[in-house]
Structure formats: structure tokens, C-alpha cells
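Peer 1: got a sequence here, can you build the structure:
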Amino acid sequence: MEMQGTRAMDTTIRQRWAAFHRYGPYALLAFSIPLVLATSDIAGMGRERFQWYLAGGLVAAALLLESVWGRRALRHPGPSATGAAYYTVRWAIAFVLAWLNPFFVFYAVIGYFSADRLLPRRFVRTGLFATAVVMAGSEAGGFPPKGPLTWAVFGALLAVNMGLVSVMMHINVKEEERNRVQAETISELERTNKALQDAMSENAALHTQLLVQAREAGVADERRRLAAEIHDTIAQGLTGIIAQLQVVAGTADPEQARQHLDRAADLARHSLGEARRSVHNLSPAALEDASLSEALKKTVTEWSRRTGVRAEFTVTGTTEQLHDEIEATLLRIAEEALSNAARHAHAGRLGVTLSYMAGEVTLDVRDDGRGFDPLELPARTGTGGFGLDGMRARAERIAGALTVESEPGGGTAVSARVPLVRHDQ
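Peer 2: Residues are numbered from 1 along each chain as shown. Predicted coordinates for the structure are as follows:
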């Protein structure tokens, strides 16, 4: 809208200048004639019949010049040989008329406004100087100046006129430069706008395509999420239940058997609740009424009691309430790491550390078990579920990363680093 307004204003200004150049000479000449008639005796024309005829002939010549040659110059704007000839003949008529009567100088004024339009650039200052001569002579009392004092006044007036011309030329140059920069800016904006419109049209097609791809990716991601949730809840719960029942089957102590059966029942109820929440895409049950650190501490404590392995939980940094997805992911990774340690590590001691740092949260699970060679670990087993791949996928889903450090006989360290995204973000 702003560009359109600027264009409309420029168009209006050009139209008004064109009207001035077309009709201005007629108006200025018409303005001069009554003044000349009223002051003819003062100017010395008196009864000199030849001067009357000469003035009348020059006025007629000026009108003919404007109607024929001036119209042609307007149809072909810009400096040219035709324009220079037109400017020269008009100046000559104005000079003679001003010699006959100073009030004809109004017709000469038009030369100030048309020099840069009609004359080649190297002749513009010459044309302006010639017009200033006519103006100064008329202002000094007419041609020719009479006496030294009149010549001095004429020289001073000529200097003043040329000074004003220089100032106006400087302003005109600055204005032309501003108009040029503005025109270039508008052209650049138009090209940019066209490029943006083309980009928007292309983006609309890409957006449609991306929506389809995102819909398909969302379905696949949801399948992976449900599979991982089932693995982390039902599969782990069933593993724990089987372990408790195996203890019951191998013991003859009724009290110990009852304790393991109670634990198996608790695991079954917990797994059932997790399965229901996974289906409805809710947070883990442990996070419903507790913070992440509290949920992790409770998970580590229950794991230690169930496996008989000494386990410690530590929090470093300033504890913050994280986004639900971040907390759920870290808790699931911890549960999977603990499950792997229970099945494979044969550790005597395990430590879980939750660290709040600038911009990220780190979860470390370390044990002193038998370890393994990460390079020899299969990508995925047929019966073991998702394992390390599942933990890594969970971390990457929230722009995090998971690293595993282990060696045979040297224990295992699992570290998950995720962005620190607060609950209110």
C-alpha cells in the first residue's frame, strides 16, 4: 500500500509539471502583456511604431513557437538537439522582448525550469546563465544598462541570480538522486515481493506434502511409542513377576514365598495401570503425584529391594519441574536401564544420578557388573525387546542423546542427555 501511495504521488507530481511546461509559457506571456501595455510610455516605447510592430511580431512568434515546437518537445521529453534549438529560439525572443520592455521578463522565467529538460547536461549551466542575464537586465531597469552604477547593479543582480540558480541546481541534483534511490528501492521491493509470492506458492504445495508425510510419520511414531511403552511397562512387569514366581517355586519357606507372591501381585497391578495409561498416552503413574526426582528415587529403591542389589540415587544442581514429556522419557530410560542391569549386569552396586545443568538434564546409571563389549552387542534381539535401541530412540525423540560406556569386567555406564525444557514452556 505504501509503494502504491508513493507511485500515485509521483505520477501526480509529474502530471502537474507536464501541465506547467505545456501551458506555463502561455500564462507568463499573457501576464506580461497587460503590464507592458500599462507601462509602455514609461518604457520608452511611446509612439515608436516600429517597436510596437516588433513586439507584436515577437509575441506572435512566441505563440507559434510554443504551439508547434514546444508541443513537439513535450512529446519527446529529455535533452535533444530539437530541445536545445527550441530553448535557444525562445531565449532569443524573450531577450529582445525584455529589451523592448522589462515586464516581458516573465516570459523568460520559464527558462529556469526547462534548461535541464531540454539542454544536454554540459549546456545546462550556460542556458541558465543566459536566462539569468535577461532576469538581471530587467531587474536593473532594462537593456542596455545606463551608466556605471546601473552596470554595477546589473552585475550584482546577475551574481545573485546565478547564486540562486546554483542553490536550486544543487537541490535538484539531490532530489534526483533521492528519486533514483527511491525508484531502485521500489523496484527491489517489487522483485522481492514477487519472489516471496512465488516462494509462498511453492511453500503451499510443500506444506500440503509435508502434512501428508507428517501424518504418516505420526502414525509410525505412535506405533513405536506404544511398542516402547508396552515393553517398558508390561514386559518389564511380567519379567519381574516371573522372577518372583521363580523364587517362590524354589523356596520351602512359606513366609518368604508369601512375600514374593505379594511382590508379584504388586508388580502385576502396577503393570496393568501402566498399560492403561500408555494406551491413553498419559504420563507414567509414578509421576502423577510426585516429581521426577521423587519418582526416580522410589523406582531405584523398589528395584534395589526387589533385586537385592545395593543402589543409590543422587540429585545434583537446582531441581526444576520439567516438561511432562521430558520427565516421562527420563523415567522410562531409567526403568529400562535398571531392567537391563537386573537381567545382565550381575552387579553388586548401582548408582543413579540426575543432574540439572545449564540448558540440559543428564541421567546417569552406573553399575559395577560384568560389563560387555558395545561393539559386539546385536542391534536388537528376538526376545529382549527394545533395550539400548529403545532408550536411544526415546532420547532422540526429544532432541536428546544416549551414550553407553562398558567393557567386559568393567561395569556399565548409561548416560542420557536431554534439553532442559521447563513445565511452563
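Peer 1: in the stretch 301-425 of the chain, which spans are strands?
Peer 2: 310-316, 349-357, 360-367, 401-406, 412-419 (DSSP state E, counting those that start in this stretch).
Peer 1: pipe the ones you listed into CSV and attach mean pLDDT and mean neighbour count per row.
Peer 2: Yep, even glycine has a C-beta here, placed from its N, CA and C like the rest. Compiled in CSV, these are given as follows (pLDDT from 0 to 100; neighbours: other Cβ atoms under 10 Å):
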stretch, mean pLDDT, mean neighbour count
strand 310-316, 96, 16
strand 349-357, 95, 18
strand 360-367, 96, 21
strand 401-406, 94, 16
strand 412-419, 94, 20
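Peer 1: for Leu35, find the nearest of those strands.
Peer 2: Nearest of these to Leu35, taken as Cβ to Cβ: strand 412-419 at 86.6 Å.
Peer 1: excluding its own residues, what touches the closest one? List them.
Peer 2: For strand 412-419, contacts defined as Cβ atoms under 8 Å, 6 or more residues apart in numbering pick out 326, 329-330, 333, 337, 341, 345, 359-367, 369, 371-372, 388, 391, 395, 398-406.
Peer 1: give me the mean pLDDT for stretch 128-143.
Peer 2: The pLDDT scores in stretch 128-143 average 77.
Peer 1: ok, stretch 51-64 next?
Peer 2: Stretch 51-64 comes out with an average pLDDT of 77.
Peer 1: if you count neighbours, what's buried in it?
Peer 2: Buried residues in stretch 51-64, counting neighbours by 16 or more other Cβ atoms under 10 Å, are found at Gln51, Leu54, Ala55, Leu58, Val59, Ala61, Ala62.
Peer 1: can you give me the neighbour number for Leu206?
Peer 2: A total of 11 residues lie near Leu206 under the criterion other Cβ atoms under 10 Å.
Peer 1: what's the closest non-adjacent residue to Ala341?
Peer 2: Across the structure, with Cβ to Cβ, 6 or more residues apart in numbering as the measure, the residue nearest Ala341 apart from its sequence neighbours is Asp367 (5.0 Å).
Peer 1: distance check, that neighbour against Gly240.
Peer 2: Taken as Cβ to Cβ, to the nearest Å, the spacing of Asp367 relative to Gly240 amounts to 18 Å.
Peer 1: ok, now Arg349?
Peer 2: For Arg349, the distance to Gly240 under the criterion Cβ to Cβ works out to 20 Å.
Peer 1: who wins for proximity to Thr12 among the strands of the stretch 301-425 of the chain?
Peer 2: strand 412-419 (57.6 Å).
Peer 1: before we move on, back to that, how about the strands of the stretch 301-425 of the chain, which one is nearest Ala140?
Peer 2: Closest to Ala140 of the strands of the stretch 301-425 of the chain is strand 412-419 (Cβ to Cβ; 85.8 Å).
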